[in-house]
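Undergrad: let me see the structure of the following:
(chains A and B)
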Amino acid sequence: MITTPWHQMTARERARWVFDHWKLAIPMIVVIIAFAVMTLPMFAPLPVMPNFGLLLVLLWTLYRPQQMPEWTGLPMGLVGDILLGTPVGTNGLLLPLFMILVRYADAYIRRPNWIGDWLFGIPMLFVYHLALWRLCAIVADPIPFLPLATQTAATIAVYPLAAHIFARAQRRWAP
Amino acid sequence: MAWPPRRSSGRSSRRQRNIALLGRAATIAAVAIAAMLLVLSRASPDRYSALRSSAADLVAPLWAAVLVPLAEVQAAAGSVADYFNAVEKVRLLEGRDRMYEIERERHLQALHENRELKKLLKVSEPERERIGVFAISGSSTGAYVRYALISGGARDGIEPGQPVFAASGLIGRTVDVGNRATRVMLITDVSSRVPVRVVRTGLPALLIGKNLPLLDIDLSGPSNAVVRVGDRLVTSGDGGLFPPGLPVATVARISGDMPEARPTATPDGLEYVIVERPYMPPILLPEEQPQEREAHPEAVNQTRAAQ
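TA: Here you go, the predicted model:
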(Lines give C-alpha, C1' and ligand atoms only; values in the text may rest on other atoms or scores of the structure.)
Protein backbone atom coordinates (compact mmCIF):
# COMPACT_ATOMS: atom_id res chain seq x y z
CA MET A 1 0.00 0.00 0.00
CA ILE A 2 1.30 3.41 -0.96
CA THR A 3 1.03 5.97 1.79
CA THR A 4 2.37 9.02 -0.05
CA PRO A 5 -0.10 11.89 -0.20
CA TRP A 6 -2.01 12.12 -3.48
CA HIS A 7 -0.46 15.41 -4.63
CA GLN A 8 3.08 13.99 -4.26
CA MET A 9 2.42 10.88 -6.35
CA THR A 10 3.54 10.49 -9.93
CA ALA A 11 0.94 9.67 -12.52
CA ARG A 12 2.08 6.07 -12.53
CA GLU A 13 1.69 5.81 -8.76
CA ARG A 14 -1.77 7.31 -8.95
CA ALA A 15 -2.84 4.80 -11.56
CA ARG A 16 -1.42 2.06 -9.37
CA TRP A 17 -3.32 3.40 -6.34
CA VAL A 18 -6.61 3.46 -8.24
CA PHE A 19 -5.97 -0.05 -9.55
CA ASP A 20 -5.17 -1.31 -6.05
CA HIS A 21 -8.31 0.20 -4.57
CA TRP A 22 -10.88 -0.65 -7.22
CA LYS A 23 -12.43 -3.10 -4.77
CA LEU A 24 -13.73 -0.14 -2.76
CA ALA A 25 -16.18 0.46 -5.60
CA ILE A 26 -17.62 -3.08 -5.51
CA PRO A 27 -20.62 -2.23 -3.28
CA MET A 28 -21.59 0.61 -5.63
CA ILE A 29 -21.11 -1.56 -8.71
CA VAL A 30 -23.25 -4.36 -7.26
CA VAL A 31 -26.06 -1.95 -6.33
CA ILE A 32 -25.97 -0.35 -9.80
CA ILE A 33 -26.17 -3.81 -11.40
CA ALA A 34 -29.15 -4.52 -9.14
CA PHE A 35 -30.86 -1.35 -10.43
CA ALA A 36 -30.15 -2.46 -13.99
CA VAL A 37 -31.65 -5.90 -13.27
CA MET A 38 -34.85 -4.11 -12.23
CA THR A 39 -35.35 -3.02 -15.87
CA LEU A 40 -36.10 -6.64 -16.87
CA PRO A 41 -38.92 -6.48 -19.43
CA MET A 42 -41.65 -7.95 -17.27
CA PHE A 43 -45.00 -6.21 -17.48
CA ALA A 44 -47.20 -7.44 -14.68
CA PRO A 45 -50.39 -5.45 -14.08
CA LEU A 46 -48.97 -4.30 -10.76
CA PRO A 47 -45.24 -3.98 -10.18
CA VAL A 48 -43.88 -7.18 -8.68
CA MET A 49 -40.24 -6.40 -9.38
CA PRO A 50 -38.54 -6.05 -5.98
CA ASN A 51 -36.36 -3.05 -5.32
CA PHE A 52 -33.11 -5.05 -5.36
CA GLY A 53 -30.90 -1.97 -5.24
CA LEU A 54 -32.51 -0.68 -2.07
CA LEU A 55 -32.36 -4.13 -0.46
CA LEU A 56 -28.63 -4.40 -1.14
CA VAL A 57 -28.07 -0.91 0.29
CA LEU A 58 -29.97 -2.00 3.41
CA LEU A 59 -27.88 -5.16 3.73
CA TRP A 60 -24.61 -3.33 3.28
CA THR A 61 -25.59 -0.70 5.79
CA LEU A 62 -26.56 -3.39 8.30
CA TYR A 63 -23.65 -5.81 7.89
CA ARG A 64 -20.73 -3.92 6.33
CA PRO A 65 -21.34 -0.23 7.04
CA GLN A 66 -17.71 0.74 6.49
CA GLN A 67 -17.78 -0.44 2.89
CA MET A 68 -20.63 1.89 2.03
CA PRO A 69 -20.31 5.47 3.32
CA GLU A 70 -23.50 7.54 3.22
CA TRP A 71 -22.39 9.80 0.39
CA THR A 72 -22.20 6.85 -2.03
CA GLY A 73 -26.01 6.90 -1.91
CA LEU A 74 -25.93 9.92 -4.24
CA PRO A 75 -24.26 8.30 -7.28
CA MET A 76 -26.10 5.02 -6.75
CA GLY A 77 -29.41 6.78 -6.35
CA LEU A 78 -28.88 8.92 -9.45
CA VAL A 79 -28.19 5.83 -11.56
CA GLY A 80 -31.33 4.28 -10.10
CA ASP A 81 -33.34 7.39 -10.94
CA ILE A 82 -32.15 7.39 -14.52
CA LEU A 83 -32.81 3.69 -15.01
CA LEU A 84 -36.11 3.44 -13.16
CA GLY A 85 -37.68 6.67 -14.35
CA THR A 86 -38.23 8.42 -11.02
CA PRO A 87 -37.57 12.18 -11.11
CA VAL A 88 -33.78 12.60 -11.09
CA GLY A 89 -32.62 13.24 -7.53
CA THR A 90 -35.34 11.44 -5.55
CA ASN A 91 -33.41 8.23 -4.93
CA GLY A 92 -30.20 10.26 -4.83
CA LEU A 93 -31.61 12.29 -1.96
CA LEU A 94 -33.36 9.46 -0.13
CA LEU A 95 -30.60 6.80 -0.20
CA PRO A 96 -28.12 8.75 2.00
CA LEU A 97 -30.94 9.67 4.39
CA PHE A 98 -32.05 6.01 4.39
CA MET A 99 -28.55 4.89 5.32
CA ILE A 100 -28.42 7.42 8.17
CA LEU A 101 -31.82 6.19 9.40
CA VAL A 102 -30.82 2.52 9.24
CA ARG A 103 -27.56 3.17 11.10
CA TYR A 104 -29.38 5.12 13.77
CA ALA A 105 -32.10 2.50 14.26
CA ASP A 106 -29.55 -0.32 14.10
CA ALA A 107 -27.75 1.08 17.15
CA TYR A 108 -30.94 1.04 19.23
CA ILE A 109 -32.75 -2.17 18.24
CA ARG A 110 -31.22 -5.50 19.24
CA ARG A 111 -32.01 -8.51 17.04
CA PRO A 112 -31.15 -12.13 17.92
CA ASN A 113 -30.66 -13.51 14.36
CA TRP A 114 -31.12 -12.83 10.67
CA ILE A 115 -34.89 -13.21 10.91
CA GLY A 116 -34.75 -10.33 13.36
CA ASP A 117 -32.85 -8.37 10.73
CA TRP A 118 -35.55 -9.23 8.19
CA LEU A 119 -38.28 -7.95 10.52
CA PHE A 120 -36.15 -4.88 11.21
CA GLY A 121 -35.96 -4.27 7.47
CA ILE A 122 -39.75 -4.23 6.98
CA PRO A 123 -40.46 -0.80 8.54
CA MET A 124 -37.26 0.59 7.00
CA LEU A 125 -38.25 -0.43 3.45
CA PHE A 126 -41.82 0.73 4.03
CA VAL A 127 -40.70 4.13 5.27
CA TYR A 128 -38.37 4.48 2.28
CA HIS A 129 -41.11 3.71 -0.24
CA LEU A 130 -43.54 5.98 1.58
CA ALA A 131 -41.02 8.85 1.45
CA LEU A 132 -40.37 8.11 -2.22
CA TRP A 133 -44.10 8.19 -2.92
CA ARG A 134 -44.53 11.56 -1.22
CA LEU A 135 -41.44 13.03 -2.87
CA CYS A 136 -42.53 11.83 -6.34
CA ALA A 137 -45.95 13.37 -5.74
CA ILE A 138 -44.33 16.70 -4.85
CA VAL A 139 -41.81 16.73 -7.70
CA ALA A 140 -43.87 15.14 -10.49
CA ASP A 141 -47.42 13.88 -10.97
CA PRO A 142 -49.14 12.33 -7.96
CA ILE A 143 -49.21 8.54 -8.28
CA PRO A 144 -51.42 5.95 -6.57
CA PHE A 145 -49.95 4.10 -3.60
CA LEU A 146 -51.11 0.58 -4.52
CA PRO A 147 -48.26 -0.18 -7.00
CA LEU A 148 -45.76 1.03 -4.42
CA ALA A 149 -47.32 -1.21 -1.79
CA THR A 150 -47.01 -4.28 -4.01
CA GLN A 151 -43.42 -3.38 -4.79
CA THR A 152 -42.65 -2.97 -1.09
CA ALA A 153 -44.21 -6.36 -0.35
CA ALA A 154 -42.16 -7.98 -3.12
CA THR A 155 -39.02 -6.31 -1.79
CA ILE A 156 -39.65 -7.61 1.72
CA ALA A 157 -40.37 -11.09 0.36
CA VAL A 158 -37.06 -11.45 -1.49
CA TYR A 159 -34.93 -10.32 1.45
CA PRO A 160 -33.39 -13.80 1.96
CA LEU A 161 -32.45 -14.02 -1.72
CA ALA A 162 -30.81 -10.60 -1.63
CA ALA A 163 -29.01 -11.55 1.58
CA HIS A 164 -27.68 -14.62 -0.22
CA ILE A 165 -26.44 -12.53 -3.15
CA PHE A 166 -24.89 -10.07 -0.70
CA ALA A 167 -23.08 -12.86 1.16
CA ARG A 168 -21.80 -14.30 -2.15
CA ALA A 169 -20.52 -10.86 -3.19
CA GLN A 170 -18.81 -10.53 0.18
CA ARG A 171 -17.12 -13.92 -0.02
CA ARG A 172 -16.01 -13.49 -3.59
CA TRP A 173 -14.86 -9.87 -3.65
CA ALA A 174 -14.63 -8.65 -0.07
CA PRO A 175 -12.29 -5.62 -0.08
CA MET B 1 -24.29 -7.67 12.96
CA ALA B 2 -22.15 -4.91 11.57
CA TRP B 3 -18.56 -5.83 10.85
CA PRO B 4 -16.08 -4.64 12.02
CA PRO B 5 -17.92 -4.13 15.34
CA ARG B 6 -18.35 -0.66 16.73
CA ARG B 7 -15.87 0.46 19.33
CA SER B 8 -17.33 0.60 22.80
CA SER B 9 -14.80 3.15 23.99
CA GLY B 10 -14.92 6.64 22.61
CA ARG B 11 -11.20 6.77 22.10
CA SER B 12 -10.03 7.12 18.54
CA SER B 13 -7.00 8.43 16.74
CA ARG B 14 -6.88 11.82 15.17
CA ARG B 15 -6.72 10.26 11.71
CA GLN B 16 -9.91 8.28 12.36
CA ARG B 17 -11.70 11.38 13.62
CA ASN B 18 -10.61 13.30 10.54
CA ILE B 19 -11.88 10.56 8.26
CA ALA B 20 -15.22 10.47 10.09
CA LEU B 21 -15.50 14.25 9.78
CA LEU B 22 -14.70 14.09 6.07
CA GLY B 23 -17.32 11.38 5.61
CA ARG B 24 -19.93 13.50 7.34
CA ALA B 25 -19.07 16.51 5.21
CA ALA B 26 -19.32 14.35 2.08
CA THR B 27 -22.74 13.10 3.19
CA ILE B 28 -24.03 16.61 3.74
CA ALA B 29 -22.67 17.64 0.35
CA ALA B 30 -24.32 14.61 -1.28
CA VAL B 31 -27.69 15.42 0.25
CA ALA B 32 -27.38 19.05 -0.82
CA ILE B 33 -26.46 18.09 -4.39
CA ALA B 34 -29.36 15.64 -4.57
CA ALA B 35 -31.78 18.30 -3.32
CA MET B 36 -30.48 20.71 -5.96
CA LEU B 37 -30.91 18.12 -8.72
CA LEU B 38 -34.42 17.46 -7.45
CA VAL B 39 -35.30 21.14 -7.64
CA LEU B 40 -33.87 21.24 -11.16
CA SER B 41 -35.91 18.24 -12.26
CA ARG B 42 -39.00 19.86 -10.73
CA ALA B 43 -38.31 22.98 -12.79
CA SER B 44 -37.91 21.08 -16.06
CA PRO B 45 -38.61 17.34 -16.14
CA ASP B 46 -37.16 16.97 -19.67
CA ARG B 47 -33.71 18.15 -18.63
CA TYR B 48 -32.42 14.61 -18.12
CA SER B 49 -33.92 13.13 -21.27
CA ALA B 50 -30.51 12.71 -22.91
CA LEU B 51 -29.17 10.86 -19.86
CA ARG B 52 -32.18 8.59 -19.78
CA SER B 53 -31.90 7.75 -23.44
CA SER B 54 -28.21 6.93 -23.17
CA ALA B 55 -29.00 4.70 -20.19
CA ALA B 56 -31.59 3.01 -22.41
CA ASP B 57 -28.88 2.54 -25.03
CA LEU B 58 -26.76 0.75 -22.45
CA VAL B 59 -29.44 -1.46 -20.92
CA ALA B 60 -31.47 -2.51 -23.97
CA PRO B 61 -28.80 -4.59 -25.78
CA LEU B 62 -28.10 -6.37 -22.50
CA TRP B 63 -31.67 -7.59 -22.14
CA ALA B 64 -31.96 -8.28 -25.84
CA ALA B 65 -29.01 -10.68 -25.50
CA VAL B 66 -30.36 -12.26 -22.31
CA LEU B 67 -33.83 -12.79 -23.76
CA VAL B 68 -32.73 -14.51 -27.00
CA PRO B 69 -32.54 -18.03 -25.49
CA LEU B 70 -35.83 -17.43 -23.66
CA ALA B 71 -37.54 -16.48 -26.92
CA GLU B 72 -36.17 -19.65 -28.55
CA VAL B 73 -37.49 -21.80 -25.72
CA GLN B 74 -40.89 -20.16 -25.92
CA ALA B 75 -41.03 -20.60 -29.69
CA ALA B 76 -40.04 -24.27 -29.37
CA ALA B 77 -42.68 -24.88 -26.70
CA GLY B 78 -45.25 -23.13 -28.87
CA SER B 79 -44.47 -25.23 -31.94
CA VAL B 80 -44.68 -28.44 -29.90
CA ALA B 81 -48.03 -27.36 -28.49
CA ASP B 82 -49.26 -26.68 -32.03
CA TYR B 83 -49.14 -30.39 -32.88
CA PHE B 84 -51.62 -31.37 -30.22
CA ASN B 85 -55.21 -31.49 -31.51
CA ALA B 86 -53.94 -30.26 -34.86
CA VAL B 87 -56.76 -31.91 -36.84
CA GLU B 88 -59.51 -30.47 -34.64
CA LYS B 89 -57.93 -27.05 -34.82
CA VAL B 90 -57.72 -27.15 -38.62
CA ARG B 91 -61.37 -28.23 -38.90
CA LEU B 92 -62.47 -25.49 -36.54
CA LEU B 93 -60.53 -22.87 -38.48
CA GLU B 94 -61.84 -24.11 -41.83
CA GLY B 95 -65.38 -23.89 -40.55
CA ARG B 96 -64.78 -20.41 -39.22
CA ASP B 97 -63.19 -19.41 -42.51
CA ARG B 98 -66.28 -20.49 -44.45
CA MET B 99 -68.41 -18.57 -41.98
CA TYR B 100 -66.45 -15.38 -42.42
CA GLU B 101 -66.15 -15.61 -46.19
CA ILE B 102 -69.40 -13.80 -46.84
CA GLU B 103 -68.60 -11.19 -44.21
CA ARG B 104 -65.20 -10.61 -45.78
CA GLU B 105 -66.75 -10.10 -49.19
CA ARG B 106 -69.15 -7.56 -47.74
CA HIS B 107 -66.33 -5.80 -45.91
CA LEU B 108 -64.26 -5.52 -49.08
CA GLN B 109 -67.23 -4.10 -50.95
CA ALA B 110 -67.80 -1.56 -48.19
CA LEU B 111 -64.13 -0.55 -48.22
CA HIS B 112 -64.21 -0.13 -51.98
CA GLU B 113 -67.40 1.89 -51.79
CA ASN B 114 -65.94 4.02 -49.03
CA ARG B 115 -62.84 4.71 -51.10
CA GLU B 116 -64.95 5.69 -54.11
CA LEU B 117 -67.14 7.97 -52.02
CA LYS B 118 -64.13 9.63 -50.46
CA LYS B 119 -62.68 10.15 -53.92
CA LEU B 120 -65.93 11.77 -55.01
CA LEU B 121 -65.89 14.05 -51.98
CA LYS B 122 -62.18 14.79 -52.51
CA VAL B 123 -61.28 13.87 -48.91
CA SER B 124 -57.55 14.22 -48.39
CA GLU B 125 -56.30 11.77 -45.81
CA PRO B 126 -52.84 11.70 -44.30
CA GLU B 127 -50.87 8.55 -45.03
CA ARG B 128 -49.76 6.25 -42.26
CA GLU B 129 -46.05 5.68 -42.49
CA ARG B 130 -44.32 2.84 -40.69
CA ILE B 131 -40.83 3.37 -39.30
CA GLY B 132 -40.10 -0.18 -38.28
CA VAL B 133 -40.77 -3.21 -36.12
CA PHE B 134 -38.76 -3.46 -32.92
CA ALA B 135 -38.44 -5.90 -30.03
CA ILE B 136 -39.30 -4.88 -26.51
CA SER B 137 -36.06 -5.13 -24.58
CA GLY B 138 -36.57 -3.64 -21.17
CA SER B 139 -38.93 -1.84 -18.88
CA SER B 140 -39.02 0.65 -16.08
CA THR B 141 -42.41 -0.43 -14.87
CA GLY B 142 -41.73 0.35 -11.27
CA ALA B 143 -44.32 1.95 -9.10
CA TYR B 144 -43.51 5.42 -10.44
CA VAL B 145 -43.67 5.17 -14.22
CA ARG B 146 -44.78 2.61 -16.75
CA TYR B 147 -42.23 2.64 -19.52
CA ALA B 148 -40.94 0.04 -21.93
CA LEU B 149 -37.61 -0.01 -23.71
CA ILE B 150 -37.58 -0.96 -27.37
CA SER B 151 -34.51 -1.95 -29.34
CA GLY B 152 -34.65 0.76 -31.98
CA GLY B 153 -33.46 4.33 -31.75
CA ALA B 154 -32.47 7.43 -33.63
CA ARG B 155 -30.42 5.45 -36.15
CA ASP B 156 -33.62 3.66 -37.18
CA GLY B 157 -35.45 6.96 -37.59
CA ILE B 158 -37.38 7.02 -34.33
CA GLU B 159 -38.12 10.43 -32.85
CA PRO B 160 -39.82 11.47 -29.61
CA GLY B 161 -43.60 11.55 -29.80
CA GLN B 162 -44.36 8.74 -32.22
CA PRO B 163 -47.12 6.15 -31.76
CA VAL B 164 -46.17 2.59 -30.80
CA PHE B 165 -48.52 -0.36 -31.17
CA ALA B 166 -48.52 -4.14 -31.13
CA ALA B 167 -50.63 -6.53 -33.16
CA SER B 168 -53.40 -6.44 -30.58
CA GLY B 169 -53.58 -2.69 -30.01
CA LEU B 170 -52.00 0.53 -28.91
CA ILE B 171 -48.96 0.32 -26.60
CA GLY B 172 -47.92 3.92 -26.08
CA ARG B 173 -45.71 6.64 -27.47
CA THR B 174 -41.94 7.15 -27.77
CA VAL B 175 -40.41 9.53 -25.24
CA ASP B 176 -36.63 9.42 -24.79
CA VAL B 177 -34.81 8.36 -27.94
CA GLY B 178 -31.29 7.03 -27.70
CA ASN B 179 -29.13 5.93 -30.58
CA ARG B 180 -30.09 2.26 -30.46
CA ALA B 181 -32.88 2.14 -27.87
CA THR B 182 -35.98 4.15 -27.06
CA ARG B 183 -38.13 4.57 -23.97
CA VAL B 184 -41.83 4.16 -24.66
CA MET B 185 -44.45 5.62 -22.34
CA LEU B 186 -47.15 2.97 -21.96
CA ILE B 187 -50.80 3.99 -22.02
CA THR B 188 -51.08 2.88 -18.39
CA ASP B 189 -48.49 5.47 -17.29
CA VAL B 190 -49.75 8.15 -14.97
CA SER B 191 -49.07 10.96 -17.45
CA SER B 192 -50.49 9.22 -20.51
CA ARG B 193 -53.65 10.61 -22.15
CA VAL B 194 -55.16 8.95 -25.22
CA PRO B 195 -58.11 10.44 -27.09
CA VAL B 196 -60.47 7.59 -27.99
CA ARG B 197 -63.87 6.92 -29.49
CA VAL B 198 -66.47 4.47 -28.21
CA VAL B 199 -67.07 2.07 -31.12
CA ARG B 200 -70.75 1.40 -30.32
CA THR B 201 -71.82 5.04 -30.07
CA GLY B 202 -69.02 6.80 -31.92
CA LEU B 203 -68.70 9.38 -29.15
CA PRO B 204 -65.33 10.70 -27.98
CA ALA B 205 -63.68 10.07 -24.62
CA LEU B 206 -60.25 10.40 -23.04
CA LEU B 207 -58.28 7.48 -21.58
CA ILE B 208 -56.22 8.46 -18.56
CA GLY B 209 -53.44 6.22 -17.25
CA LYS B 210 -52.88 5.91 -13.52
CA ASN B 211 -50.05 3.33 -13.07
CA LEU B 212 -52.68 0.70 -12.29
CA PRO B 213 -53.87 -2.22 -14.43
CA LEU B 214 -57.03 -0.36 -15.47
CA LEU B 215 -57.37 3.01 -17.19
CA ASP B 216 -59.81 5.78 -16.33
CA ILE B 217 -62.28 6.84 -19.01
CA ASP B 218 -62.95 10.56 -18.97
CA LEU B 219 -66.35 11.06 -20.56
CA SER B 220 -66.77 14.67 -19.52
CA GLY B 221 -66.25 15.90 -23.05
CA PRO B 222 -68.74 17.95 -25.00
CA SER B 223 -70.91 14.89 -25.68
CA ASN B 224 -71.20 13.38 -22.20
CA ALA B 225 -71.30 9.85 -23.60
CA VAL B 226 -72.48 6.78 -21.74
CA VAL B 227 -70.57 3.50 -21.88
CA ARG B 228 -71.44 -0.11 -21.06
CA VAL B 229 -69.20 -2.89 -19.84
CA GLY B 230 -67.68 -4.59 -22.88
CA ASP B 231 -67.68 -1.50 -25.09
CA ARG B 232 -64.59 -1.29 -27.25
CA LEU B 233 -62.55 1.91 -27.38
CA VAL B 234 -60.45 2.81 -30.41
CA THR B 235 -58.18 5.77 -31.05
CA SER B 236 -60.05 8.73 -32.48
CA GLY B 237 -57.10 10.42 -34.14
CA ASP B 238 -57.66 13.64 -32.22
CA GLY B 239 -54.44 15.48 -31.51
CA GLY B 240 -52.83 14.00 -34.59
CA LEU B 241 -50.51 11.56 -32.83
CA PHE B 242 -52.30 8.22 -32.98
CA PRO B 243 -53.87 7.05 -36.24
CA PRO B 244 -57.66 6.59 -35.86
CA GLY B 245 -59.20 3.17 -35.44
CA LEU B 246 -56.53 1.36 -33.42
CA PRO B 247 -58.00 -0.77 -30.63
CA VAL B 248 -56.95 0.63 -27.27
CA ALA B 249 -59.08 -0.76 -24.46
CA THR B 250 -62.31 -2.44 -23.44
CA VAL B 251 -64.62 -1.06 -20.78
CA ALA B 252 -64.19 -3.33 -17.77
CA ARG B 253 -65.89 -1.73 -14.82
CA ILE B 254 -68.44 1.00 -14.26
CA SER B 255 -68.49 2.14 -10.68
CA GLY B 256 -67.64 5.29 -8.85
CA ASP B 257 -67.27 8.55 -10.69
CA MET B 258 -65.23 7.23 -13.61
CA PRO B 259 -65.68 4.07 -15.66
CA GLU B 260 -62.54 1.99 -16.10
CA ALA B 261 -61.12 0.16 -19.10
CA ARG B 262 -58.63 -2.66 -19.58
CA PRO B 263 -55.97 -2.15 -22.28
CA THR B 264 -56.23 -4.66 -25.13
CA ALA B 265 -52.47 -4.91 -25.69
CA THR B 266 -50.18 -5.74 -22.81
CA PRO B 267 -46.51 -5.52 -23.69
CA ASP B 268 -44.41 -8.56 -23.03
CA GLY B 269 -40.67 -9.04 -22.98
CA LEU B 270 -40.86 -11.38 -25.94
CA GLU B 271 -43.00 -9.24 -28.18
CA TYR B 272 -42.53 -6.99 -31.18
CA VAL B 273 -44.02 -3.55 -31.63
CA ILE B 274 -44.54 -1.25 -34.58
CA VAL B 275 -43.49 2.39 -34.56
CA GLU B 276 -45.13 4.82 -36.98
CA ARG B 277 -44.81 8.48 -37.77
CA PRO B 278 -47.38 10.71 -36.07
CA TYR B 279 -50.61 10.49 -38.05
CA MET B 280 -50.88 14.21 -38.55
CA PRO B 281 -47.70 16.02 -37.47
CA PRO B 282 -48.50 19.24 -35.63
CA ILE B 283 -48.29 22.26 -37.91
CA LEU B 284 -45.76 24.73 -36.55
CA LEU B 285 -47.02 28.27 -36.84
CA PRO B 286 -44.26 30.84 -37.32
CA GLU B 287 -44.93 32.64 -34.04
CA GLU B 288 -45.01 29.40 -32.09
CA GLN B 289 -41.58 28.25 -33.13
CA PRO B 290 -39.30 29.73 -30.48
CA GLN B 291 -41.31 28.29 -27.61
CA GLU B 292 -38.69 25.86 -26.38
CA ARG B 293 -37.88 25.92 -22.73
CA GLU B 294 -34.26 26.85 -23.17
CA ALA B 295 -35.03 29.75 -25.51
CA HIS B 296 -33.84 32.91 -23.86
CA PRO B 297 -36.22 35.91 -24.15
CA GLU B 298 -33.45 37.95 -25.79
CA ALA B 299 -32.81 35.27 -28.40
CA VAL B 300 -36.54 34.98 -29.08
CA ASN B 301 -36.76 38.72 -29.64
CA GLN B 302 -33.80 38.60 -31.99
CA THR B 303 -35.25 35.80 -34.10
CA ARG B 304 -38.57 37.69 -34.25
CA ALA B 305 -36.73 40.81 -35.40
CA ALA B 306 -34.91 38.75 -38.02
CA GLN B 307 -38.20 37.35 -39.32
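Undergrad: just the helices in the stretch 1-150 of chain B please.
TA: B:14-43, B:49-83, B:86-121 (DSSP state H, counting those that start in this stretch).
Undergrad: ok, now chain A?
TA: Under the criterion DSSP state H, chain A carries helices at the ranges A:11-20, A:26-37, A:52-63, A:73-84, A:90-108, A:114-139, A:146-157, A:159-173.
Undergrad: quick one: closest of the helices of the stretch 1-150 of chain B to chain A.
TA: Counting by C-beta to the nearest C-beta, chain A lies closest to helix B:14-43 out of the helices of the stretch 1-150 of chain B; the figure is 3.4 Å. All C-beta atoms are positioned from the backbone trio N, CA, C, and that covers glycine.
Undergrad: could you give the mean pLDDT of the closest one?
TA: If you average the pLDDT over helix B:14-43, you get 88.
Undergrad: repeat that for stretch A:145-164.
TA: 91.
Undergrad: could you tell me which residues within it count as buried?
TA: Taking 16 or more other C-beta atoms under 10 Å in any protein chain shown as the basis for neighbour counts, the residues of stretch A:145-164 that come out buried are A:145, A:147-156, A:158-159, A:162-163.
Undergrad: which residues sit against it?
TA: Stretch A:145-164 is contacted by residues A:46-52, A:54-56, A:59, A:114, A:118, A:121-122, A:125-126, A:129-130, A:132-133, B:142-143, B:211-212 when judged by C-beta atoms under 8 Å, 6 or more residues apart in numbering or on different chains.
Undergrad: flag every buried residue along stretch B:132-149.
TA: Counting neighbours by 16+ other C-beta under 10 Å, one finds that the buried residues in stretch B:132-149 are B:134-149.
Undergrad: pLDDT score for the residue sitting nearest the centre point of chain A?
TA: Nearest to the mean C-alpha position of chain A, by C-alpha atoms, centre = their mean, lies A:Val57 at 2.8 Å. If you check A:Val57, the pLDDT there is 95.
Undergrad: that one contacts A:Pro96, doesn't it?
TA: No - if you go by C-beta atoms under 8 Å, A:Val57 and A:Pro96 don't touch, sitting 9.9 Å apart.
Undergrad: which residues are in contact with each of these two?
TA: Where contact means C-beta under 8 Å, 6+ apart, the residues bridging A:Val57 and A:Pro96 through contact with each are A:Gly73.
Undergrad: show me what B:Asp216 is bridged to.
TA: Assessed by DSSP bridges, B:Asp216 has beta-bridge partners B:Ile208, B:Glu260.
Undergrad: what sits against it?
TA: Taking C-beta under 8 Å, 6+ apart as the definition, contacts of B:Asp216 comprise B:207-210, B:258-261.
Undergrad: can you do 6 Å?
TA: By C-beta atoms under 6 Å, 6 or more residues apart in numbering or on different chains, the contact set of B:Asp216 is B:208, B:210, B:258.
Undergrad: want to try TSV for those residues, with neighbour count as columns?
TA: Conversion of the contacts of B:Asp216 to TSV gives the following (neighbours: other C-beta atoms under 10 Å in any protein chain shown):
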residue	neighbour count
B:Ile208	19
B:Lys210	22
B:Met258	16
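Undergrad: ok so, going back, now the residue nearest to the centre of chain A: how far from chain B?
TA: Separation of A:Val57 from chain B (C-beta to the nearest C-beta, to the nearest Å) stands at 14 Å.
Undergrad: count of neighbours near B:Gly157?
TA: Using other C-beta atoms under 10 Å in any protein chain shown, B:Gly157 is surrounded by 13 other residues.
Undergrad: was I right about it contacting B:Ile131?
TA: Yes - between B:Gly157 and B:Ile131 there is a contact under C-beta atoms under 6 Å: 5.1 Å.
Undergrad: now the helix or strand harbouring B:Ala249: buried residues?
TA: If you go by DSSP states H and E, B:Ala249 is part of strand B:247-253. Of all the residues in strand B:247-253, those buried under the rule 16+ other C-beta under 10 Å are B:247-252.
Undergrad: do the same with stretch B:190-210
TA: Along stretch B:190-210, these residues count as buried under the neighbour rule (16+ other C-beta under 10 Å): B:190-192, B:194-198, B:203-210.
Undergrad: which of the residues you listed fall in strands?
TA: Using DSSP state E, the members of the buried residues of stretch B:190-210 that fall within strands are B:194-198, B:204-208.
Undergrad: distance between the helix or strand of chain A with the lowest mean pLDDT and the chain's centre?
TA: Across the helices and strands of chain A, mean confidence by mean pLDDT, DSSP states H and E is lowest for helix A:11-20: a mean of 83. With C-alpha atoms, centre = their mean, to the nearest Å as the basis, the distance from the averaged C-alpha position of helix A:11-20 to the chain average is 28 Å.
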